[in-house]
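Asker: Provide a 3D model corresponding to the input given below.
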Amino acid sequence: MPNFPFDSLQDPHIVHHFALEIQGISVTFSECSGLDSSNEVIEHIENDALGHQQTTKMPGRIKWGDVTLKRGVTDNMDLWTWRKQVIDGQIDMARKDASILMMDAMDQQIARVNLKRCWPSAYKSSDVKSADNSVMIETIVLAHEFAERA
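Answerer: Numbers count the residues shown, from 1 in each chain. Next up, the predicted model:
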């Protein structure tokens, strides 16, 4: 059995909040999901010389998950203005490189994921009720073409 020294163990980072940096825009968020990628699996099946079937699995097209960010609504209109570019058909202007920053409780960056050519594919505000005193939440969904942890 291998012997692992305890001094090589690392505690995982605790993420307190997230920030989105986009060419001149910086917005903080309380929730982030969809930082994922996967490959389609291509199965190549052939028979060997004795007629036995052999299956080889190979990576196919890579798929990037859409990133969903949520935060309390403020008077900042930067995200809506960015989304409106897509609504108005200005997709080339809307495509931007961006970064998702994971921040600790002391507001220090502990991790970063860079997104290439992302654009807001959806924007949603939470439902509101006059008898409810909960915080109104805005959600933005970002489509992108590549993600890299930096």
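Asker: any idea how far the residue lying farthest from the centre of the chain is from residue 57?
Answerer: Ranked by distance from the centre of the chain (CA atoms, centre = their mean), the top residue is residue 50, with 47.9 Å. Distance of residue 50 to residue 57, computed by CB to CB, to the nearest Å: 21 Å. Glycine gets a C-beta too; all of them are placed from N, C-alpha and C.
Asker: same check, this time on residue 46
Answerer: As judged by CB to CB, residue 46 and residue 57 stand 13 Å apart.
Asker: please name the bridge partners of residue 103.
Answerer: Beta-bridge pairing for residue 103 (DSSP bridges): residue 17, residue 109.
Asker: ok, it - contacts?
Answerer: 15, 16, 17, 18, 19, 28, 109, 110 (CB atoms under 8 Å, 6 or more residues apart in numbering).
Asker: in stretch 20-28, what counts as buried?
Answerer: 20, 22, 27 (16 or more other CB atoms under 10 Å).
Asker: can you check stretch 115-131 too?
Answerer: Across stretch 115-131, burial judged by 16+ other CB under 10 Å covers 115, 118, 119, 120, 123.
Asker: adding secondary structure, distance to residue 80 and pLDDT, write the residues you listed out as TSV.
Answerer: Below are those laid out as TSV (DSSP: H, G, I helix; E, B strand; the rest coil; distance: CB to CB, whole Å; pLDDT from 0 to 100):
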residue	secondary structure	distance to residue 80	pLDDT
115	strand	19	97
118	strand	16	96
119	strand	14	97
120	strand	9	97
123	strand	7	95
